[in-house]
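Q: Requesting a structural model of the entry that follows:
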Amino acid sequence: MNHFLDIHKTNPDELRAMIDQAGAMKQARLDRPKGALDDDQPLAGRMVALIFEKPSTRTRVSFDVGVRQMGGQSMVLSGSDMQLGHGETIADTARVLSRYVDMIMIRTFDEAVLMEMAEYASVPVINGLTDRTHPCQIMADILTYEEHRGSIKGKKVVWAGDGNNVCASFLHAAGQFGFDLTFTGPSQLDPEDEFIGLARKAGSKIVIERDAQKAVEGADLIVADTWISMHDSQSSKERRHNMLRGYQVNKELMSHAKPDALFMHCLPAHREEEVTSEVMDGPQSVIFDEAENRLHAQKAVMRWCLGV
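A: Now for the predicted structure:
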């Protein structure tokens, strides 16, 4: 049984195999005769519980569709449906669900909820997002970059803005996939020292550069994410905008990167805040390929978890 909890907790060879399988499954769907069903049904007869304590569009739809495309069935559960960790302990919920389903994906706030679920479940558990990390997103991002530019090994990735949970998983991926990462953003929002240390220990060059234009010099990929959370107060939103305004990804900033540099954003985006529409809709943007690839990357993750 394999849990998929964080990128740095999974063997690099197995991560590479997942990316390769995701690409192969995507191509197989493209090659199907029009209207034909998938021949490959590795999740036939399997039930997957999809738990959402946080609202979701891409994670919910991509996992649900992915399960169905592979012949399985999904059960979508919200935090209010389950009162996770309130009416019943997380450990007991994990034990009970394991009697009903073959795999659990959970999108939650506190990383401790994910870890306790994995500790007590007797079926594989997938991290669909926590406040600390977002590994499934970065698997899709690696797949997307390599579709457009070949191997990401040795490339320079620049994260612009807030060193949040997606940035954390990018740091994990840097060490596992062998690319370098430069963070540019205000010091108050630096990524965790632990994550920086893990990537450096694995051999990746990790740089903190406050000057955004200098940071993107020689960049192969520039990544941004929303500056604000749906849970932030109005005063918090204003403070964060003031801190982050100098790190907006716009045409001027992109001009300082390599001419063929790509732009990514995990979405949803606040246009004209962390990134301009000119960049989002421009020729260097691959944001919608990236969104689609959540489906293909997560299908590969689910197959790896179940050994199918």
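Q: got the buried residues for stretch 274-285?
A: The neighbour-count check on stretch 274-285 (16 or more other CB atoms under 10 Å) flags Glu274, Val275, Thr276, Val279, Met280, Gln284, Ser285 as buried. In short, each C-beta sits where N, CA and C put it, glycine included.
Q: nope, stretch 37-57 is what I was after
A: Across stretch 37-57, burial judged by 16+ other CB under 10 Å covers Asp40, Pro42, Leu43, Arg46, Val48, Ala49, Leu50, Ile51, Phe52, Glu53, Lys54, Ser56.
Q: Stretch 118-135 now?
A: In stretch 118-135, residues buried by neighbour count (16+ other CB under 10 Å) are 118, 120-121, 123-135.
Q: Of the residues you listed, which pair is most distant in space?
A: Pairwise distances across the buried residues of stretch 118-135 (CB to CB) peak at 23.8 Å, for the pair Val123 and Asp131.
Q: Run the chain-centre distance for the helix or strand of the chain with the lowest mean pLDDT.
A: Counting by mean pLDDT, DSSP states H and E, the weakest-scoring helix or strand in the chain turns out to be helix 79-82, with a mean of 76. Helix 79-82 has its C-alpha centroid displaced from the chain centroid by 24 Å (CA atoms, centre = their mean, to the nearest Å).
Q: so where's this protein shaky on pLDDT?
A: For the chain, the stretches flagged by pLDDT under 70 are 85, 230-233.
Q: Could I get the buried residue list for the helix or strand containing Met243?
A: In this structure, Met243 is located in helix 234-244 according to DSSP states H and E. When burial is assessed from 16+ other CB under 10 Å, helix 234-244 yields the following buried residues: Arg240, Met243, Leu244.
Q: Verify the contact between the second one and Gln188 for me.
A: Read it as Met243. Yes: with contact defined as CB atoms under 8 Å, Met243 counts as touching Gln188 (6.3 Å).
Q: How about the residue nearest to the spatial centre of the chain: what's its closest non-neighbour residue?
A: Most central residue of the chain, judged by C-alpha distance to the mean C-alpha position with CA atoms, centre = their mean, is Gln137 at 1.5 Å. Excluding its sequence neighbours, the residue lying closest to Gln137 (CB to CB, 6 or more residues apart in numbering) is Cys266, at 5.0 Å.
Q: give me the number of residues near that neighbour?
A: Around Cys266 sit 23 other residues, with neighbours defined as other CB atoms under 10 Å.
Q: Contact partners for it?
A: Contact partners of Cys266, counting by CB atoms under 8 Å, 6 or more residues apart in numbering, are Arg58, His134, Gln137, Asp141, Val166, Asp225, Glu290.
Q: Now, the buried residues of stretch 118-135 that are in helices?
A: Cross-referencing the buried residues of stretch 118-135 against helices under DSSP state H gives Ala118, Tyr120, Pro135.
Q: out of these, which one sits closest to His270?
A: Distance to His270 across these (CB to CB) is lowest for Pro135, with 23.5 Å.
Q: Relative to Ala168, how far out is the closest one?
A: When CB to CB, to the nearest Å is the yardstick, Pro135 and Ala168 sit 9 Å from each other.
Q: Contact partners for Phe63?
A: By CB under 8 Å, 6+ apart, Phe63 lies in contact with Val48, Leu50, Ser74, Met105, Gly128, Gln298.
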